[in-house]
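S.K.: sequence and predicted structure below; questions after.
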Amino acid sequence: MKTISIHTNHFVLHPSGGVYWKEKQTWLLADIHLGKVAHFRKNGIAVPREAEGSFYQKMEELLPLFPVKRILFLGDLFHSFQNNEWYLFEAWVKQQSFKMVLITGNHDVIPKWKITGLGLEVVPQLEEASFLFHHFPDQDTQAFVFCGHVHPGVRLQGVGRQQIKLPCFYHSPSQLILAAFGAFTGLHILKPKLEDHIYVTTGKEVVEITEKLS
Amino acid sequence: MKGVENWFKSQNWKAQSFQKQCWKAYAEGESGMLHAPTGSGKTYALWGGVVEEISRSKKNPIGLNALWITPLRALGVEIQKSTQKMLSDFYPEFQVGLRTADTPQSQRTKMLKSPPFGLVSTPESVHVLLAQKDHQRYFSQLKVVVVDEWHELLGSKRGVQVELALAYLRSLVPNLKVWGISATLGNKELAREILLGPTANFAVIEAKIQKKIRVHSLLPKTMERFPWRGHLGTHLLPQVLKIVQKNKSTLIFTNTRAQCEIWFHRMLEAAPELAGSIAMHHGSIDKKIRLWVEESLSKEELKVVVCTSSLDLGVDFSPVENCIQIGSPKGVGRFIQRAGRSGHRPQAGSSIYFLPTHAMELIESVALQNGIKKQQIEDRIPYLNCYDVLIQFLMTLAVGSGFNPVKIYPVITSSFCYQTLDKERWHWILNFLIRGSQSLQHYDEYKKLIQSEDGLLKVANKGIALRHRLSMGTIVSGNDLKIRYQKGGYLGSIEEWFIAKLKPGDTFAFSGRNLELVRIQKMEVIVKRSKVKQAKIPAWMGGRMSFSAHLSDLLKNALFEQQSESTPEFESLIPVFNQQKRESIIPKPNELLIERFETKEGFHTVFYPFEGYAIHEAMASLMAYRISLISPISFSMSFNDYGFELLSDQAFSQEAFLDNDLFTPEHLFEDIANSINVSEMARRRFRDIAVISGLVFQGYPNKPIKSKHLQSGSQLFFEVFKDYEPDNLLYQQAVEETFDHGMERGRMQLVFEQLEHKTVVWKNCSQPTPFSFPLITDRIRSKLSSETVEDRIKKMYLQLEKVAK
């Protein structure tokens, strides 16, 4: 884990892709794509069902780490239309005592009233402190933006023509793009600029890459 | 046989003996295999028999009688014309139809309603016909299937498609005759057995047409300037232009599409007067443009065409007088085939120039000439247990009339590819299609095939059927995007990863033009013409070919034994050899040379077994794996036909390497399998498998279909199978293909047994040697590591985006 500070607030970057906001005791999670595996299977594409299960396991690991008042889902909570995965999520939500907010993403096509029916708040975006929470990056705003959507990753290079692609938290001067939290979601490789901070996650560790070559 | 012979006379032709043999064997009801080169009259050798059969039959033929399968659509047009011509002269009322992916929908429907007497088609289109609901009736009158250019299909997954189609058609029509036409190849018997199946009633006929092939090496004027590396060979451009100017028309064969584009540009730059009489031909160029090139070539309107293997086969180009091969053709068979594209008139000899792009390839030229002299043509290795093609085929039957799993099983196992498919794996495949390879569980909504009351397996819904119909037959995969002018007009297709590197406004060269990227829209790349002179040349990932076993033997022979001979080739290599000897040695037959040197990239360890690309690929990964077991280390590997390189940021010691007996043939395949898993060599294989088996659905340009939320890359599938379902047969297939097809198991064993008797010569060099140069500069690499990701990334850095000027 790695703690960074933005506008005097403290954020913990967790290897799972989640970000914990200390001052507000809030987890930020982006791009979970629940039900993606089920959606593929329903359409005759045999993705192993085990690939779906990781959300609940990951949450079991995350929740005991810090006191939790709230979870902000930064969009693409569900991958597609409603399928059986919904009932698993419903059961999980019922067991939790904290507040949950969904900021809608482009994949969130399940009607709002169904989500609010589970007890979640659904908003297009959220402004709090000097921050804006949104699904999409590059918002036209003075606030610092937390977002998802991209599934960011970077390519690292080393001596001996070594290279490796890893998911990352992409921290530029005005926004932080979260790594995708869901499994079976893929990576979009970005080329950083000099002023950007890149924190890659190996699934076990979060490491800031300081050495850069242009 | 009188009818057909008389017809030959009326055309002022003389029937050749292999043609008469074919007619006779056909009349006797035999199946068979004809070995004959392109342009020898092979079409009539078989069609004559088919036409004769009509006259012998008492009833007038109804329905589809003859099916002709050809690998190339362009060839289909030609064959349809010749067969129709002969048929019309005998029976004007009968038709030969053409059904390929280019055939308009209206004609397809017409041919379905009233089937023609004969049908010329491709393997993919035959499968499309099998997806029709009443295909049993459509094929019920079928007498014969002719498979043309079988040597091209054999050893590819399209060949497996043919095997499946034949096995299935035989089950519908028990007395079906099957004929194959093939160029000569190494493993003729196997080729025949695979195609004709278990019949004992067959004939093998050879057309004894030996063409004289003259090979000339193009050598640079000044010997010192022979480049050590490079794959372009443009330093010999002046000599190529001279040859082009001397001849009526010339074909220039290149090995990659990028090389093809570059040569085209350089030739035009150097000789602007060629504009209008020079053209380019490769697989990514739009088919209309390709057809135009082919036509102009046979009408003698073009002086030179720069092409890739796309012109290896195809229509007769009689005016072509000369061929030039740029870089290694990788096999004697292919070289003969290409040389054969010139001098098509009977009795005329063929002439081909070989242009080596670097010093090592010059040795190959010598090897090839020996191979041609000895007629050492290589084997084509057939695929075994292609689960992906089988799954696609079963889906094809399921979208049509459905299939009965119990009845179809013996049909599948009667084909060569699936002869060892046992019940256990068969049930896995059925379970994959019915339950998505799970046991019955709550919550699972998997849908693909369902069993109807009559025991037939059919598709579960229209959406699944539609997606299969759109993607079936895709054996050649890849994320290709179509290139289109802003104002309309297609230019061809290009791989997505190349375009992804460009921004709107960037220019790139394609099909001989410089184009500016306007935007990417759906599956199309919109471009306009650019006036910029310098443009990026796209690269295509496409097939890298490996040396055949024969060629690597010939090569060793040339290097080891003829080195002292004073051929022009070896004379021009003297400066290169001298430089090699200054730093290292030229290995003798009983030696295995290993070179070690350091550059700013790290420590290079280069091995020279001279066994061909495929063997080296596996050997590199095996060596890297065995070394990585001694202590944690990361390797980047490159390989070519001469040897392979292991590059690392830390040097493993010579002693550790030699003392640990790393060349032992013990646990060979176990270690290779482990190295494949660690290095993820199978990842590349999996890309095709994912597309063919229908895991990856890409949607199609011009065919908007709701596939939203179903897009996913094959890489992602590879990862989930690896993590969650490693016993998935499709995942296994990727590993097995790396084994059996990529590297020829038997040969691997042999190579390691021989290695044990060789003396290892380890040379520490102060700088890269000429032999090592093509290897260390190669950019296409595999990786293998025994370090943890955490340790690796601590030594790494980020490449930043280049700031725009």
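M.R.: Now that the structure is in, tell me what you want to look at.

S.K.: quick one: low-confidence residue ranges for chain A.
M.R.: Where chain A drops to pLDDT under 70, the residues are A:214.

S.K.: show me where it has its helices.
M.R.: Under the criterion DSSP state H, helices of chain A are mapped to A:36-42, A:54-62, A:85-95, A:112-117.

S.K.: any idea which of those helices is most buried?
M.R.: helix A:36-42 (a mean of 25; mean count of other Cβ atoms under 10 Å in any protein chain shown). Yep, even glycine has a C-beta here, placed from its N, CA and C like the rest.

S.K.: export that one as PDB, just CAs?
M.R.: Extracted in PDB, the C-alpha atoms of helix A:36-42 (Å, rounded to 0.1, in the frame of the first residue of the first chain):
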ATOM      1  CA  LYS A  36     -19.500  -9.500 -17.100                       C
ATOM      2  CA  VAL A  37     -18.700 -13.200 -17.000                       C
ATOM      3  CA  ALA A  38     -22.300 -14.100 -16.700                       C
ATOM      4  CA  HIS A  39     -23.200 -11.800 -19.600                       C
ATOM      5  CA  PHE A  40     -20.700 -13.500 -21.800                       C
ATOM      6  CA  ARG A  41     -21.900 -16.900 -20.700                       C
ATOM      7  CA  LYS A  42     -25.500 -16.000 -21.400                       C
END
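
S.K.: which residues touch it?
M.R.: Outside helix A:36-42, the residues that touch it by Cβ atoms under 8 Å, 6 or more residues apart in numbering or on different chains are A:46-49, A:51-52, A:79-81, A:83-85, A:182, A:184-185, B:436, B:443-447, B:709-710, B:712.

S.K.: picking up where we left off before, go through the helices of chain A and name the closest to residue B:237.
M.R.: Taking Cβ to Cβ, helix A:36-42 is the member of the helices of chain A nearest to residue B:237, at 51.9 Å.

S.K.: show me what contacts residue B:251?
M.R.: With Cβ under 8 Å, 6+ apart, residue B:251 has these contacts: B:304, B:305, B:307, B:311, B:317, B:320, B:322, B:323, B:324, B:338, B:341, B:342.

S.K.: okay, those residues in CSV with pLDDT next?
M.R.: As requested, the contacts of residue B:251 are arranged in CSV below (pLDDT from 0 to 100):
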residue, pLDDT
B:304, 90
B:305, 91
B:307, 88
B:311, 78
B:317, 65
B:320, 79
B:322, 84
B:323, 89
B:324, 91
B:338, 80
B:341, 74
B:342, 72
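
S.K.: please flag which of those sit within helices.
M.R.: residue B:338.

S.K.: flag every buried residue along stretch B:653-672.
M.R.: B:657, B:662, B:663, B:668, B:671, B:672 (16 or more other Cβ atoms under 10 Å in any protein chain shown).

S.K.: send the alpha carbons of it over as PDB?
M.R.: Output of stretch B:653-672 as PDB, limited to C-alpha atoms (Å, rounded to 0.1, in the frame of the first residue of the first chain):
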ATOM      1  CA  SER B 653      28.500 -17.700 -15.600                       C
ATOM      2  CA  GLN B 654      30.000 -19.900 -18.200                       C
ATOM      3  CA  GLU B 655      30.900 -22.500 -15.500                       C
ATOM      4  CA  ALA B 656      27.400 -22.600 -14.100                       C
ATOM      5  CA  PHE B 657      26.100 -23.200 -17.600                       C
ATOM      6  CA  LEU B 658      28.500 -25.900 -18.700                       C
ATOM      7  CA  ASP B 659      28.600 -27.700 -15.300                       C
ATOM      8  CA  ASN B 660      24.900 -28.100 -15.100                       C
ATOM      9  CA  ASP B 661      24.500 -30.300 -18.200                       C
ATOM     10  CA  LEU B 662      21.800 -28.000 -19.600                       C
ATOM     11  CA  PHE B 663      21.700 -29.700 -23.000                       C
ATOM     12  CA  THR B 664      20.600 -33.000 -21.600                       C
ATOM     13  CA  PRO B 665      17.700 -34.700 -23.500                       C
ATOM     14  CA  GLU B 666      16.400 -36.000 -20.200                       C
ATOM     15  CA  HIS B 667      13.000 -34.500 -19.200                       C
ATOM     16  CA  LEU B 668      13.200 -32.600 -22.500                       C
ATOM     17  CA  PHE B 669       9.500 -32.300 -23.200                       C
ATOM     18  CA  GLU B 670       8.600 -31.800 -19.600                       C
ATOM     19  CA  ASP B 671      11.000 -28.900 -19.400                       C
ATOM     20  CA  ILE B 672       9.800 -27.500 -22.700                       C
END
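
S.K.: mean confidence score for it?
M.R.: If you average the pLDDT over stretch B:653-672, you get 88.

S.K.: what does stretch B:121-129 give?
M.R.: 91.

S.K.: so which of the helices of chain A gets nearest residue A:15?
M.R.: Among the helices of chain A, helix A:54-62 sits nearest to residue A:15 (Cβ to Cβ), with 9.7 Å.

S.K.: now for that closest one, which elements pack on it?
M.R.: If you count contacts as 3 or more Cβ pairs under 8 Å, 6 or more residues apart in numbering or on different chains; DSSP states H and E, helix A:54-62 packs onto helix A:85-95.

S.K.: show me what the helix it packs on is packed up against.
M.R.: When contacts are defined as 3+ Cβ pairs under 8 Å, 6+ apart, helix A:85-95 packs onto helix A:54-62.

S.K.: by how many degrees do the helix it packs on and helix A:85-95 diverge?
M.R.: 20 degrees (axes from the mean of the first three to the mean of the last three Cα atoms, to 10 degrees).

S.K.: buried stuff in stretch B:792-801?
M.R.: B:792, B:793, B:795, B:796, B:798, B:799, B:800.

S.K.: could you look up the SS state of the residue lying closest to residue B:287 once chain neighbours are set aside?
M.R.: Using Cβ to Cβ, 6 or more residues apart in numbering or on different chains and skipping residues adjacent in sequence, the residue nearest residue B:287 is residue B:102, 7.1 Å away. Classification of residue B:102 using DSSP: H, G, I helix; E, B strand; the rest coil returns coil.

S.K.: and residue B:102, backbone torsions?
M.R.: Here is the backbone geometry of residue B:102 (degrees, to the nearest 10): phi -90, psi -10.

S.K.: from residue A:128, how far out is the residue lying closest to residue A:177 once chain neighbours are set aside?
M.R.: The shortest distance from residue A:177 to any non-neighbouring residue, by Cβ to Cβ, 6+ apart, is to residue A:170 (4.2 Å). Distance of residue A:170 to residue A:128, computed by Cβ to Cβ, to the nearest Å: 21 Å.

S.K.: and the residue nearest to residue A:177, how many neighbours does it have?
M.R.: Residue A:170: 23 surrounding residues under other Cβ atoms under 10 Å in any protein chain shown.

S.K.: now swap in residue B:754 and tell me
M.R.: 14.

S.K.: what do you get for residue B:289?
M.R.: For residue B:289, the count of nearby residues is 18 (other Cβ under 10 Å).

S.K.: which ones are touching it?
M.R.: Taking Cβ under 8 Å, 6+ apart as the definition, contacts of residue B:289 comprise B:491, B:492, B:511.
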